[in-house]
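In: Here is my input, please return the structure:
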Amino acid sequence: MSPKDLLTEAFAAAVEAAHPTKHLAQFLPPLPKGRLLVVGAGKAAAAMAQAVEAHYPLDKLSGLVITRYGHALATEKIEVIEASHPVPDEAGQRATERILKLVASLNEDDLLLCLISGGGSALLCAPDGLDLREKAELTTQLLHSGADIKEMNAVRKHLSNVKGGRLAEKAYPAKVVSLILSDVVGDDLSSIASGPTVADPTTFKDALSILKQYEIDNPKISKLLEEGINGERNESPKADHPAFKKVENILVASGQKSLEAVASYFESKGIKAHILSNSIEGEAKEVAQVHAAIARQIALYSQPLKAPCVLISGGETTVTVKHKGKGGRNGEFALGLAIALDGLENVYALAADTDGIDGSESNAGAIITPAIFKSYGKAIAKNYLAANDSYSFFEKAGALFETGPTHTNVNDLRLILINTVDFPTE
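Out: Sure thing, here's the model as predicted:
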């Protein structure tokens, strides 16, 4: 089996370990005395809805979920609406307004079943104090700033009528059960999709500090947050709110489970697997340099590990965007890794987003081989990296890793395969 085949099958193992249709049923609650309303948002929302429909009598179900364009699946009773990600659009806003109206009709005998996965922050769009255009502009500023997802969501939660526990607040006194797929480092439930059913530990003051830290100059947003600090706007609901006594938030899948599935896959092939971490953060191209240094030490000196082996890591890096190139954080990592490895023999790598889409392009990530610079040299690769244009480089090099939507999302997967024996010719 070629190294590309090994990496591709390992990615499939990671996806399967986190796929809703494989794991959601065991967490579903019994039918309530009253109505069962299903709502949700995220890149895995449609697959989660399918799993719910396969479990309950269809005549007991109603509701709708929002997913990213291109990620919808066929359902019978739970409506699936597609909207924009990572920047919100009118489709997401209209669908969120419908969800809020449905939730407002619940009483204490009813059950709200929430299906939450990564991407929900953009898809659940109910701006508070600003219009959609202003919300989209802020989202773009945050995405380009280098802020991590927790910081981004702390800001967004304080400008929303649905995030930061506000969905649970609006569902009260109904019981709420949220089934959650984590795409957040550390599996902080309050950050996944901006925690619509989770008490929010952050404040208006935190949000304003984040804007200042990343030098995001947005006078209107700053004014709204300052009004919140001064008590002129309602703070997001905290843990002592009565609504949370009727909320159960359940983690269904996480990056760690997928990393373990990948490790098991490689072990079954006789390749020693080493999970470095499930929570690696930082600037993507800098994280790539560290990974490359470890791989080089193993390949050249058998330290601290011996080949054949694979290095596995997860988490979510960031990219401080300074130019208008194409590509996501996995492409940026992969290109930085390729440059640092510089064609090192018998070292192959994959960096990909488990949702199947890296950033806003069509690929999940990229595959690195020792021959990556055969057609386009290292100097050219450096120019593409400086331009934040990893997608264009890998497209020309024929190294894009394309899977299409996987209908799950447990963050990024990075694999570096090191072998002392020559692999089959590519």
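In: now stretch 387-403: mean pLDDT?
Out: Here stretch 387-403 scores 96 as its mean pLDDT.
In: and it, C-alpha only, in CSV?
Out: Taking Å, rounded to 0.1, in the frame of the first residue of the first chain, the C-alpha atoms of stretch 387-403 are listed here in CSV:
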residue,chain,number,x,y,z
ALA,A,387,0.9,35.3,-0.1
ASN,A,388,-1.4,33.1,2.1
ASP,A,389,-2.1,31.2,-1.2
SER,A,390,-1.5,27.5,-0.2
TYR,A,391,-4.5,26.3,-2.3
SER,A,392,-3.0,27.6,-5.6
PHE,A,393,0.4,26.0,-4.9
PHE,A,394,-1.1,22.6,-4.1
GLU,A,395,-3.5,22.8,-7.0
LYS,A,396,-0.7,23.4,-9.4
ALA,A,397,1.4,20.7,-7.7
GLY,A,398,-1.5,18.2,-7.9
ALA,A,399,-1.4,17.7,-4.2
LEU,A,400,-4.8,18.8,-3.0
PHE,A,401,-6.6,16.4,-0.7
GLU,A,402,-10.2,16.4,-1.7
THR,A,403,-13.0,14.4,0.0
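In: which of the residues in that stretch are buried?
Out: By 16 or more other CB atoms under 10 Å, the buried positions in stretch 387-403 come out as 387-391, 393-395, 397, 399-401, 403. For glycine as for every other residue, the C-beta is placed from the backbone atoms N, C-alpha and C.
In: Figure out how far that stretch is from the centre of its chain.
Out: Here the centre of stretch 387-403 is set off from its chain's centre by 20 Å, with CA atoms, centre = their mean, to the nearest Å.
In: Counting by contacts, list what the host helix or strand of S222 packs against.
Out: Take DSSP states H and E as the rule and S222 turns out to sit in helix 219-229. The contact analysis (3 or more CB pairs under 8 Å, 6 or more residues apart in numbering; DSSP states H and E) places helix 219-229 against helix 132-145, helix 204-213.
In: so which of those comes closest to E169?
Out: helix 204-213 (16.5 Å; CB to CB).
In: Remind me what that closest one packs against, helices and strands.
Out: In this structure, helix 204-213 packs against helix 149-157, helix 219-229, with contacts taken as 3+ CB pairs under 8 Å, 6+ apart.
In: what would the ones you listed look like in TSV with mean neighbour count?
Out: Below are the helices and strands packed on helix 204-213 laid out as TSV (neighbours: other CB atoms under 10 Å):
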stretch	mean neighbour count
helix 149-157	24
helix 219-229	16
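In: export those helices to TSV and tack on distance to V38?
Out: Output for those, formatted as TSV (distance: least, CB to CB, whole Å):
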stretch	distance to V38
helix 149-157	23
helix 219-229	32
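In: any idea which helix or strand of the protein has the worst average confidence?
Out: The helix or strand of the chain with the poorest confidence is helix 20-23; it has a mean of 92 (mean pLDDT, DSSP states H and E).
In: residue boundaries of the strands in the stretch 201-350 of the chain?
Out: Ranges of strands within the stretch 201-350 of the chain are 247-253, 272-280, 309-315, 347-353, based on DSSP state E, counting those that start in this stretch.
In: so who does the closest residue to A364 other than its chain neighbours touch?
Out: In space, and not counting its chain neighbours, A364 is closest to A352: 4.0 Å by CB to CB, 6 or more residues apart in numbering. Residues in contact with A352, defined by CB atoms under 8 Å, 6 or more residues apart in numbering, are 11, 330, 358, 364-366, 401, 403, 412-413.
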